[in-house]
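*Asks:* take a look and give me a structure for this.
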Amino acid sequence: MGVVLTLSLARFVGSIARLSLGPLLPLLSLELGFPAESKPALLSAYSSGYILTQVAGGFFADRYGAPFVLAFTSGASAFVLLALTSAPGEWGVTWWIRLYAALGLLAGPLFPASSVAVKEGVEPERRAGAAAVVDAAASAGTCAATLAPAVAAATFGWKGVFIATAVAALF
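*Replies:* Just a heads-up that it's a prediction; the model follows:
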């Protein structure tokens, strides 16, 4: 059951990392001066990176093992999330687009590596249920990301949201 919990947390946090930008964008735009015409590129940057590595993630998980791919993905994603908090506003929205695309590139292998981890770490008669729990955790992260970042930012600021997500990605 430890595999399912670990994967569920990784997918939950990954969903929050992916989707927290939308609720935080008004704050970021005000503080960092992102122009309105840059917002579509910023909001699509993650998906653009993600799609490039999702298929490769399956090959990486088969070759290097799901635990390595999951650990690398989570650790490197945490680094990028922390980089977002330290990217000065004068770097402009272009750096944010690049960093969010990098976050997507790093997260692409998460889904296929999770599938490999379920296959390798869960008994055959429990795999479908385990995969469903892991997928439900990703959906729960999607639900949480629609409200939690904005609420947390009201107390801790937008940087606090990214820092908390980075710390959660490390565990």
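
*Asks:* count the residues that sit near residue 152.
*Replies:* Around residue 152 there are 18 other residues, counting by other Cβ atoms under 10 Å. C-betas here are computed from N, CA, C, even on glycine.

*Asks:* close enough to count as contact, residue 144 and residue 11?
*Replies:* No. Residue 144 is beyond contact range of residue 11, at 11.9 Å (criterion: Cβ atoms under 8 Å).

*Asks:* neighbour count for these two, which is higher?
*Replies:* residue 11 (25 against 16).

*Asks:* spit out the contact partners of that one.
*Replies:* 110-111, 114, 134-135, 137-138, 141 (Cβ atoms under 8 Å, 6 or more residues apart in numbering).

*Asks:* hmm, 7 Å instead?
*Replies:* 110, 114, 134, 137-138, 141 (Cβ atoms under 7 Å, 6 or more residues apart in numbering).

*Asks:* those helices in this structure, which residues are they?
*Replies:* 2-19, 21-32, 39-64, 66-86, 93-107, 110-121, 127-169 (DSSP state H).

*Asks:* how near is the spatially most distant residue from the centre of the chain to residue 46?
*Replies:* For the chain, the residue at maximal distance from the C-alpha centroid (Cα atoms, centre = their mean) is residue 125, at 29.6 Å. To residue 46, residue 125 is 36 Å away according to Cβ to Cβ, to the nearest Å.

*Asks:* ok, how many other residues are close to residue 129?
*Replies:* 12.

*Asks:* what do you get for residue 94?
*Replies:* 11.

*Asks:* now swap in residue 65 and tell me
*Replies:* Count around residue 65 with other Cβ under 10 Å applied: 15.

*Asks:* for residue 109, see how far away it is.
*Replies:* 12 Å.

*Asks:* now residue 20
*Replies:* 20 Å.

*Asks:* next one: residue 38
*Replies:* Applying Cβ to Cβ to residue 38 and residue 109 gives a distance of 28 Å.

*Asks:* more crowded one of these two?
*Replies:* Legend: neighbour count by other Cβ under 10 Å for residue 38 and residue 109, higher for residue 109 (26 against 15).

*Asks:* without its sequence neighbours, what residue ends up closest to the more buried one?
*Replies:* Nearest residue to residue 109, sequence neighbours excluded (Cβ to Cβ, 6 or more residues apart in numbering): residue 57, at 2.6 Å.
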